[in-house]
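In: sequence first, predicted model second:
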Amino acid sequence: MSPLPLPPVPEPFQLPFYYGALHHLGVDWLVDPGPVRELLAKHHPGLSAAEFDGRALVSFNYQLYFAQYAFGGGITQEIEYNVIAFPTAESDRIPRLTYAQYAQGWDQTKLLGIARIHVLCDNPFAISAGRALYAEPKYPGWFEVDLPSLNGPAGETWTVHGKAAAIGPDGALQKNAAPLFSLTAALDGLAAAPANNTPITGYGTDPDSRVLAGPMNVYQPYRWYDLSAPEHTDRVRLTLHAPDSDLGQDTRSLIADTPAAGAWTYQSPPVAAHNRPYYLPTRPPTD
C-alpha cells in the first residue's frame, strides 16, 4: 500500500495551531452501545464505537482558549459532543481497557479518539478552520460560563450554558438568546488522578467520506475525577433546553438520565502575576 498524502492546509490557515492558554472540561458517560453505533454510522462510517466492559462512551468537552497572532490575540470558546471511537480498519490494534484505564491515558496507540458529532463555537474564524482543516461538524454558538479561576472564588465547579448563534453577512457572530444546554460539574472536594492522556486524537469525516485524524498535544497532565460511586451521581447535571435540536436529539438518545462516569480538567498555569500594591511614605522620615 502506497503512503497517503497529507490533507491540504488551505490559506489562510497554518499548522500546527498553537494554544497560548487552555482551560478544558470533559465529562464522560458510559451508555448503551446500540444507539451509539447507529449515530456513529451516520456521521463517521469509517469508525467503530469503542466499548469498555460492554458500554460505549460519549463525552461533552468544553474549551476556553487563547491564541496569539501577528495582529494580536484571540479568545475562543467551544464545546464538542463526541463518541469515543477508532478506525474500523485498525480494530486488531485496539487494547482492551476499562473506562478508568482509558481515561488515565493507558491507550498508547492513541487510536481511541473523539469522533466529533456536534461542535458549537463562538469564533467564526475557528469555525472555518475546524471545518477546513479537520472536517469538524462545527457551527456557531455562544456561552455563558462560571469556571474555577485563580482570579475568582475558590472552588472546582464548572458551569457552561450553550446558546444558539448565527454568522451574519459581515462574518461576525450574531448571538441568539435561545438556550441549547446547560452543563454543571461540581468537582469540589474530590481527589483527582493525573492523566497522561494526550495526544488526544480527534476524528472527522470529510465530504468524500475520508476519515481525518488530528492529534492535539497538551504539555502537562490532565486531572481525572472518578464519578462512578453512587454518592457522586448528582455532581454532574446536564439540561437540554432545546431537546428537538440536532444536538438535543442526539444527546437525549444516547445519554438520557445516565449518570456521568468521570470528568477531566486542564487549566493552563499562570505565566505572571500582578501583585498587591503597597504605600510609599509621603515625606522623608524624621531623625
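Out: Sure thing, it's come through. Residues are numbered from 1 along each chain as shown.
In: which residue ranges of the chain form helices?
Out: 33-43, 99-103, 124-134, 246-254 (DSSP state H).
In: for the first one, what is the average pLDDT?
Out: When you say that, I think you mean helix 33-43. Averaged across helix 33-43, pLDDT comes to 97.
In: which parts of that helix are buried?
Out: By 16 or more other CB atoms under 10 Å, the buried positions in helix 33-43 come out as 33, 35-36, 39-40, 43. Heads up, the C-betas are built off the backbone N, CA and C, glycines and all.
In: again with the third one
Out: Neighbour-count burial for helix 124-134 flags 124, 126-134 (criterion: 16+ other CB under 10 Å).
In: can you tell me which of the residues you listed is nearest A154?
Out: Proximity of the buried residues of helix 124-134 to A154 (CB to CB) peaks at A126, which lies at 30.9 Å.
In: which one is L111 nearest to, not counting chain neighbours?
Out: F86 (4.6 Å; CB to CB, 6 or more residues apart in numbering).
In: does P199 really touch G214, like I thought?
Out: No - counting by CB atoms under 8 Å, P199 does not reach G214; the two are 9.2 Å apart.
In: more neighbours: which of these two?
Out: G214 (21 against 12; other CB atoms under 10 Å).
In: identify the bridge partners of that one.
Out: G202 (DSSP bridges).
In: OK, contacts around it?
Out: 133-134, 201-204 (CB atoms under 8 Å, 6 or more residues apart in numbering).
In: let's see that with 10 Å instead.
Out: Counting by CB atoms under 10 Å, 6 or more residues apart in numbering, G214 makes contact with 7, 15-17, 113-114, 130, 133-136, 199-204.
In: what of G141?
Out: So G141 contacts 77-79, 118-122, 127, 162-166, 173, 175-176, 180-181, 247 (CB under 10 Å, 6+ apart).
In: what bridges to it?
Out: If you apply DSSP bridges, the partners that G141 bridges to are A164.
In: distance-wise, check it relative to A132.
Out: 19 Å (CB to CB, to the nearest Å).
In: nearest spatial neighbour of I94, skipping sequence neighbours?
Out: F86 (5.3 Å).
In: okay, now that neighbour: neighbour count?
Out: Count around F86 with other CB under 10 Å applied: 23.
In: dig out what it forms beta bridges with.
Out: S48.
In: how about the strands in the protein?
Out: 21-31, 47-49, 56-69, 72-87, 113-121, 138-146, 157-167, 173-186, 193-195, 200-205, 211-216, 222-226, 236-240, 262-267 (DSSP state E).
In: and these, which is most packed in?
Out: The highest mean neighbour count among the strands of the chain, using mean count of other CB atoms under 10 Å, belongs to strand 113-121: a mean of 24.
In: how far out from the middle of the chain is that strand?
Out: The chain centre lies 8 Å from the centre of strand 113-121; the measure is CA atoms, centre = their mean, to the nearest Å.
In: same deal with stretch 191-202?
Out: 12 Å.
In: so for it, what's the average pLDDT?
Out: 96.
In: straight-line length of it, end to end?
Out: Using CA to CA, to the nearest Å, the end-to-end distance of stretch 191-202 comes out at 28 Å.
In: go on, stretch 112-132?
Out: 23 Å.
In: hang on, the earlier thing: next up, the contacts around the residue nearest to I94.
Out: 47-50, 93-94, 107, 109-113, 115, 201, 203, 213.
In: you'd agree T239 is up against S182?
Out: Yes - using CB atoms under 10 Å, T239 makes contact with S182 at a distance of 4.5 Å.
In: quickly list what's touching both of the two.
Out: By CB under 10 Å, 6+ apart, the residues touching both T239 and S182 are H161.
In: follow-up on the earlier one: and A70, which of the helices of the chain is closest to it?
Out: Of these, the one closest to A70 (CB to CB) turns out to be helix 124-134, at 13.7 Å.
In: average pLDDT for the closest one?
Out: On average, helix 124-134 scores 97.
In: other SSEs contacting that helix?
Out: strand 56-69, strand 72-87, strand 113-121, strand 138-146, strand 157-167, strand 200-205, strand 211-216 (3 or more CB pairs under 10 Å, 6 or more residues apart in numbering; DSSP states H and E).
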